[in-house]
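J.: A predicted structure for the sequence below; I have some questions about it.
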Amino acid sequence: NTQIGYSIDIKTFLEYLQKFNFSYIEKIEDFTVADMEKVTLRDLNAFTAYLKEYETDTVSIDGKHIKRIRRNSAYGINRKLSGIRGLFSYLYKNDLISQNVTDKLDFKKLHQKMKRPLTSQETVNLLDVIYNGEKYYTGRDLTEYKNRKKRDIALFTAYLGTGCRVSELILDIRDVCFDTSSFVVTRKGGDEQEIFMPVQVENELFTYMQERVENEKAKDDALFISRLGTRMTAQGVEKVLKKYCATVGIYDPDKARPHALRRTFACNLIADGIDIKMVAELMGHKNIEVTHKYYTQYAIEKRKEVMQNFDITGNR
């Protein structure tokens, strides 16, 4: 998905250059390294302003032209500029251009949005509907729940119990080893890491595994499969989680995504007094500054606790 996103961003950049700076180029496929050498900081700044709102013209399957207005937030603009910077960095590192003009480019200042972990009560409510869906669903929803119950219990306890990313838990059966109480994931960046399972996660995975190996619909060696027998995707996991969250009244979109379970895992470790370096190791963070963002979430609760116990009269 990241590669596709960067490809689209670079295509948008080349279309911009073709329209405003290199009108002699008929197709974006005709751009050369020599053309990239001509790009100036002024061009890049103008492109940054252009990204706030611009019009695209695409051709549908039946040959009709479809014009749309595209708008980007500061985050969206930075994401697109990252793709362009990656292109110029590649060209410069391989001695195909004489300078990397994107080194001089200023990115948009981002204001961090606060994303909270699940509260203890929300976690309890979520686990209750996953474990005891018979109390919440009827009819077709109940039938679907029963068919995927063991899978979902194993899947979401693994998220809450290991803090893995959604892409990392799209495992194969062979990745899980009950002798060592662990499974192997491919971390962001391509490195493999052995993840050790809490007892509850191991028990639920073992229970689900017995059902999984007997499933005749399975079309490959994926551990977690859909009702059609295909490997679960990140989008499929998020869809199921959103339904459970809606059932128990968790409507915050940030809390209804798999990453919220990862965030909750990290904050629970920090609240338990686990050293920040160990938390970073367990989360698969190469940069501990990323882990400190989760500490900020924990600090919010500590600030609340301090202020609730504060006496304005000075009495202790």
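T.: Okay, I see it.

J.: okay, CA-based contacts and neighbour counts for the rest of this
T.: Will do.

J.: Show me what the longest helix seen in the chain is packed against.
T.: Taking DSSP state H as the criterion, the chain has its longest helix at helix 139-162. On a contact count with 3 or more CA pairs under 8 Å, 6 or more residues apart in numbering; DSSP states H and E, helix 139-162 meets helix 120-131, helix 199-213, helix 258-271.

J.: by how many degrees do it and helix 120-131 diverge?
T.: Put simply, helix 139-162 runs at 130 degrees to helix 120-131, going by axes from the mean of the first three to the mean of the last three CA atoms, to 10 degrees.

J.: helix or strand right after helix 139-162?
T.: Sequence-wise, the next helix or strand downstream of helix 139-162 (DSSP states H and E) is strand 176-177.

J.: re the thing from before, just want the angle from the longest helix of the chain to helix 199-213.
T.: Using the same axes, to 10 degrees: helix 139-162 against helix 199-213 is 130 degrees.

J.: give the contact list for the residue nearest the centre of the chain.
T.: The centroid of the chain falls nearest to His259 when counting by CA atoms, centre = their mean (6.3 Å). By CA atoms under 8 Å, 6 or more residues apart in numbering, His259 lies in contact with Arg165, Val166.

J.: per-residue confidence at it?
T.: The model reports His259 with a pLDDT of 91.

J.: Ok, Thr58 next?
T.: Confidence score, pLDDT, at Thr58: 79.

J.: secondary structure class for it?
T.: Here Thr58 takes the strand state, with states given by DSSP: H, G, I helix; E, B strand; the rest coil.

J.: Mind listing the residues bridging to it?
T.: Thr58 forms beta bridges with Ile66, as assigned by DSSP bridges.

J.: Go ahead and confirm it touches Ile69.
T.: No - the pair Thr58 and Ile69 does not pass the contact test of CA atoms under 8 Å, sitting 11.5 Å apart.

J.: Where does the prediction get shaky in the stretch 201-316 of the chain?
T.: The model of the stretch 201-316 of the chain has pLDDT under 70 over residues 294-299, 301, 314-316.

J.: circling back to that earlier point, can I get the helices and strands packed on helix 139-162 in TSV including distance to Tyr50?
T.: Output for the helices and strands packed on helix 139-162, formatted as TSV (distance: least, CA to CA, whole Å):
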stretch	distance to Tyr50
helix 120-131	42
helix 199-213	49
helix 258-271	32
